[in-house]
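Colleague: below is the structure, and that's it, no one-letter string:
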């Protein structure tokens with residue numbers, strides 16, 4: 001599994017702490033984790049929570065990532081932004097129980113975390129426990145297990161509805177403000193990670209042409 005970490009500007013200085021907690025869990029499971037920033041360094045490309053949503057959609061839609069870990073101060077803005085773009089089913093998690101129930105009941109492909117709420121003593125411990133529960137079992141396994149079939153059916157219906165309601169990602173990319181797009185994909189390691197992991201296709205081609 002390919003995991004992408006995305007931070008927005010207000011919480012960029014916490015990127016290293018979040019990345020360390022995330023990789024402590026994902027490395028043990030044999031997953032590959034890619035840190036798309038922000039990194040909290042001077043002069044880097046700025047990402048708002050809206051751009052977090054766009055970037056998540058690009059990474060998931062191109063198969064450059066299988067799952068996105070993101071967030072903002074409250075976690076709510078990033079969640080709303082992610083769910084505003086095609087191909088993203090983003091949940092919200094404050095604690096390990098939230099993360100586990102989202103992964104099992106909803107089986108989504110992104111999680112948003114509130115990095116400004118209660119991020120004090122023991123924050124890295126809570127993050128590690130949260131990520132452990134998030135990736136404890138294959139996504140969509142159901143909870144409680146006797147509800148698994150109904151929950152999987154509902155998740156499938158949601159996917160079908162989103163496919164009907166949302167426009168194709170390639171159309172969105174062509175029509176949004178191109179400066180906004182280039183700023184979104186302008187993080188330090190984006191080109192390296194995206195080129196190596198994205199599937200061949202229209203989305204990949206358009207993104208790479210935008211970077212040229």
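Modeller: The structure has been received and is ready for your questions. Everything numeric in this text was worked out from a predicted model, so none of it was measured.
Colleague: sec struct for residue 68, please.
Modeller: strand (DSSP: H, G, I helix; E, B strand; the rest coil).
Colleague: is it correct that it is in contact with residue 83?
Modeller: No - using CB atoms under 8 Å, residue 68 is not in contact with residue 83; the gap is 11.8 Å. (Each C-beta comes from the backbone N, C-alpha and C, glycine too.)
Colleague: overlap in contacts, the two.
Modeller: Residues touching both residue 68 and residue 83 (CB atoms under 8 Å, 6 or more residues apart in numbering) are residue 90.
Colleague: pick out whichever of the two has more residues nearby.
Modeller: residue 68 (27 against 19; other CB atoms under 10 Å).
Colleague: now residue 110: phi and psi?
Modeller: Dihedral angles of residue 110 (phi, psi; degrees, to the nearest 10) stand at phi -160, psi 150.
Colleague: quick one: it from residue 37, how far?
Modeller: 16 Å (CB to CB, to the nearest Å).
Colleague: for this structure, name the helix or strand with the lowest mean pLDDT.
Modeller: helix 148-165 (a mean of 93; mean pLDDT, DSSP states H and E).
Colleague: any idea which helix or strand comes after that one?
Modeller: On the C-terminal side of helix 148-165, the closest following helix or strand by DSSP states H and E is helix 169-175.
Colleague: what packs against that next one?
Modeller: Here helix 169-175 touches helix 49-61, helix 202-211, going by 3 or more CB pairs under 8 Å, 6 or more residues apart in numbering; DSSP states H and E.
Colleague: what comes into contact with whatever helix or strand comes next after it?
Modeller: The helix or strand immediately downstream of helix 169-175 is helix 178-184, counting by DSSP H and E. Outside of helix 178-184, the residues within contact range by CB under 8 Å, 6+ apart are 45, 46, 47, 51, 54, 55, 58, 173, 210, 211.
Colleague: what's the farthest-apart pair in those?
Modeller: With CB to CB as the measure, no two of the contacts of helix 178-184 lie farther apart than 46 and 173, at 19.5 Å.
Colleague: look at those two and report which has more neighbours.
Modeller: Neighbour totals were compared for residue 46 and residue 173, and residue 173 leads with 20 against 15 (other CB under 10 Å).
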